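In: no sequence for this one, just the structure:
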């Protein structure tokens, strides 16, 4: 079984993410969970790892798995079980972040990972109810913008503070996938939102990172539910031939990007570009 510790080849052992407040949304499973476990090894003492997701039970299970790392590194882990599609969820997350961060925090790192695939069993012409579309966009687009805005307001620019915002993107932000109209539209909107942020806030490091096709519950949903037969077959073949990435593999490349910190702010980078 592959370890969640990053190999020495992936990141230099002498580097770290600082005394950070690191917020990971969608942290209860899959990619967000793996990122939390990997990032915890790279935080300095008195750093805070803030884990946000809708499932309280799964967040608690992750917190238990983090105990050995936390005790060794001197970290604080806070879990926020909430729905980021609601304003109350955004407000709660920002409030807990402000309450938890150490006075000498030198890096605020927000990873916008929370997302859903949406109904991929239908084609675009079937989405006649704007309320259904709005509900999808609320979680997948509006919440990412509102949470990012809230965090950046709560931790304004000051000497000695780095601020980094990561949008977990997708090839679907750039290319149309038949029967994935909601997901493609949401990912494209998020990419542009964060590109605008990079232009408006030059002191904030902004990255749109596409993690590649990973072996997750979302990928299983894509294989079983996609209405487009060619797309469905393509994902099934990737799975059967072992061509799906592990969350650890993709996460290691993202963390290497954050440690090196050399990317142009606002850029879209794909796992396979690196």
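Out: Right, received. Where do you want to start? Quick caveat, the model's predicted, so the values are computed rather than measured. Numbers count the residues shown, from 1 in each chain.
In: contacting residues for residue 47?
Out: 17, 18, 19, 20, 21, 22, 73, 75, 76, 102, 105 (C-beta atoms under 8 Å, 6 or more residues apart in numbering). To be clear about C-beta, it is placed using only N, CA and C from the backbone, and glycine gets the same treatment.
In: can we see that at 10 Å?
Out: 16-22, 39-40, 70, 73-77, 101-102, 105-107, 109 (C-beta atoms under 10 Å, 6 or more residues apart in numbering).
In: Please, where are all the helices along the chain?
Out: 30-39, 56-73, 87-100, 130-137, 143-154, 181-200, 217-225, 229-240, 247-260 (DSSP state H).
In: What backbone torsions are found at residue 244?
Out: phi -80, psi 140 (degrees, to the nearest 10).
In: what number of residues lie near the closest residue to it other than its chain neighbours?
Out: Leaving aside its sequence neighbours, residue 244 sits nearest to residue 215 (C-beta to C-beta, 6 or more residues apart in numbering; 4.1 Å). Residues contacting residue 215 under the criterion other C-beta atoms under 10 Å number 17.
In: pretty sure residue 215 is touching residue 222, no?
Out: No: judged on C-beta atoms under 10 Å, residue 215 makes no contact with residue 222 at a distance of 11.2 Å.
In: Can you work out which residues contact both of these two?
Out: 238, 239.
In: Isn't residue 70 up against residue 40?
Out: Yes: with contact defined as C-beta under 10 Å, residue 70 reaches residue 40; the gap is 6.9 Å.
In: Look at these two and report which has more neighbours.
Out: Taking other C-beta under 10 Å, residue 70 and residue 40 do not tie; residue 40 has more neighbours (23 against 17).
In: nearest residue to the more buried one other than its sequence neighbours?
Out: Using C-beta to C-beta, 6+ apart, the nearest residue to residue 40 is residue 69, at 4.5 Å.
In: That neighbour touches residue 41, doesn't it?
Out: Yes: contact criterion C-beta under 10 Å: residue 69 and residue 41 qualify, at 6.3 Å.
In: Next, count neighbours for residue 87.
Out: Neighbours of residue 87 (other C-beta under 10 Å): 14.
In: For the nearest residue to it once chain neighbours are set aside, give me its contacts.
Out: Among residues not flanking residue 87 along the chain, residue 146 sits closest, at 7.5 Å (C-beta to C-beta, 6+ apart). Residues in contact with residue 146 (C-beta under 10 Å, 6+ apart) are 84, 85, 87, 89, 90, 91, 93, 94, 138.
In: Just the buried subset of the residues you listed, written out for PyMOL, thanks.
Out: To isolate the buried members of the contacts of residue 146 in PyMOL, using 16 or more other C-beta atoms under 10 Å:
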select buried, resi 84+85+89+90+93+94+138
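In: The residue positioned nearest the centre of the chain and residue 170: what is the separation?
Out: Compute the mean C-alpha point of the chain, and by C-alpha atoms, centre = their mean the closest residue is residue 113, 2.2 Å away. Using C-beta to C-beta, to the nearest Å, residue 113 is found at 12 Å from residue 170.
In: what's the overlap in contacts for the two?
Out: What both residue 113 and residue 170 touch, as defined by C-beta under 10 Å, 6+ apart, is the set 209, 211.
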